[in-house]
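> this one's sequence-less:
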């Protein structure tokens with residue numbers, strides 16, 4: 001009986017704590033995807049500290065610092081403030097980590113939504 005209670009408590013603690021652990025996405029990730037302005041090539045460099053996400057997003061249009069980055073469990077979100085041909089665009093990313101892939105949806109300044117898959121560079 002005591003062993004069953006201990007096992008049940010251990011399972012409960014794991015179930016409660018698992019969602020709190022942020023996915024370790026630190027490192028480089030690449031993505032190529034189609035947009036309204038043509039094919040885009042990205043290299044994301046992520047750094048995770050607890051739930052805080054920082055790093056860079058490097059594209060054919062230059063490199064920008066990631067803003068407002070958060071990793072909670074397998075959920076990832078951040079903002080890319082892109083200067084596209086002199087026009088400032090706020091691109092909001094939301095995604096889900098699955099192994100060595102992150103499935104993102106990008107909201108480009110409220111004007112377009114784009115889906116992409118970033119893959120970990122090994």
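Structure's in. What do you need? Keep in mind that what you see is a predicted model, and the values were worked out from it rather than measured.
> how about the strands in the protein?
27-35, 38-49, 52-59, 62-72, 75-84, 87-98, 101-108, 112-120 (DSSP state E).
> make a markdown table out of those strands and add mean pLDDT.
Compiled in a markdown table, the strands of the chain are given as follows (pLDDT from 0 to 100):
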| stretch | mean pLDDT |
| --- | --- |
| strand 27-35 | 96 |
| strand 38-49 | 96 |
| strand 52-59 | 97 |
| strand 62-72 | 97 |
| strand 75-84 | 95 |
| strand 87-98 | 96 |
| strand 101-108 | 97 |
| strand 112-120 | 97 |
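> if we ignore the residues flanking it in sequence, what's nearest the residue nearest the centre of the chain?
The residue lying closest to the centre of the chain (C-alpha atoms, centre = their mean) is residue 76, at 3.8 Å. Of all residues not flanking residue 76 in the chain, residue 95 sits nearest, at 4.5 Å (C-beta to C-beta, 6 or more residues apart in numbering). For every residue, glycine as well, the C-beta is placed using N, CA and C.
> burial of the one you found, as a residue count?
22 (other C-beta atoms under 10 Å).
> hmm, residue 106 and it touching each other?
No. Taking C-beta atoms under 8 Å as the definition, residue 95 is not a contact partner of residue 106, at 9.2 Å.
> what sits in contact with each of those two?
Counting by C-beta atoms under 8 Å, 6 or more residues apart in numbering, residue 95 and residue 106 have no contacts in common.
> residue 52 pairs with what?
residue 49, residue 70 (DSSP bridges).
> what is the burial count for residue 40?
Residue 40 has 16 nearby residues by other C-beta under 10 Å.
> is it in a bridge, and if so with what?
According to DSSP bridges, beta-bridge pairing links residue 40 with residue 33.
> also residue 87?
residue 84.
> follow-up on the earlier one: the residue nearest to residue 76 pairs with what?
With DSSP bridges as the rule, residue 95 is bridged to residue 76, residue 104.
> just residue 66 next, same as before
The partner residues for residue 66, given DSSP bridges, come to residue 80.
> surely it touches residue 78?
Yes. Residue 66 is within contact range of residue 78, at 4.7 Å (criterion: C-beta under 8 Å).
> between those two, point out the one with more neighbours.
residue 78 (23 against 19).
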